[in-house]
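Enquirer: Next one to model:
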Amino acid sequence: MDRILVVDDSEDVRLALATILQDAGYDVVEASDGSDVVPMALKHRPGLILLDVAMPKVDGFEALRRIKAESRIRNTPVIMVTAKGRAEDLSMARSLGARDYISKPWADGEVELRVGWVLQAASRTNGAS
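Expert: Okay, here's the model as predicted:
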């Protein structure tokens, strides 16, 4: 079972994402700020990280920089999640190494579709079955 780390400062958003992902058969761990991403990822070794952009202490872009700087987790795929949806944010996310981008509010089925696609692509890249 794939484990997914959901990082968002909104408890409601974390709950919504966790519910969608658990219903789809994923194991979910949660964090409430970008400062928690690296320690949580090192501890739980998720197959994917869903990372909010706007958080009060450490935003998603800085958290993504920290993930990519840590050799043990730099290849963990990341999907950015944001209410902004601005073109420059998408460009920044991709330039930092994010695999995909989900805008809030998301459409029914979108989270499952994007998560499945990124995990499938990552397994092909890593040579997993």
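Enquirer: Low-confidence bits of this structure, can you list those?
Expert: Applying pLDDT under 70 to the chain flags the ranges 1, 126-129.
Enquirer: if I look at the most centrally placed residue in the chain, how far off is Leu119?
Expert: For the chain, the residue sitting closest to the mean C-alpha position, by C-alpha atoms, centre = their mean, is Leu50 at 1.6 Å. Note on Leu50: its distance to Leu119, by C-beta to C-beta, to the nearest Å, is 12 Å. For the C-beta atoms, the positions are set from N, CA and C on the backbone; glycine is no exception.
Enquirer: Val53 too?
Expert: Counting by C-beta to C-beta, the gap from Val53 to Leu119 is 21 Å.
Enquirer: So between the two, which is more surrounded?
Expert: For Val53 versus Leu119, the count of surrounding residues by other C-beta atoms under 10 Å is larger for Val53: 24 against 19.
Enquirer: and the more buried one, what does it touch?
Expert: Contacts for Val53 (C-beta atoms under 8 Å, 6 or more residues apart in numbering) come out as 59-61, 80-82, 84, 89, 93.
Enquirer: how about 7 Å then?
Expert: 59-61, 80, 82, 84, 89 (C-beta atoms under 7 Å, 6 or more residues apart in numbering).
Enquirer: Likewise for Ile49?
Expert: Ile49 touches 5, 7, 37, 41, 67, 76, 78, counting by C-beta under 7 Å, 6+ apart.
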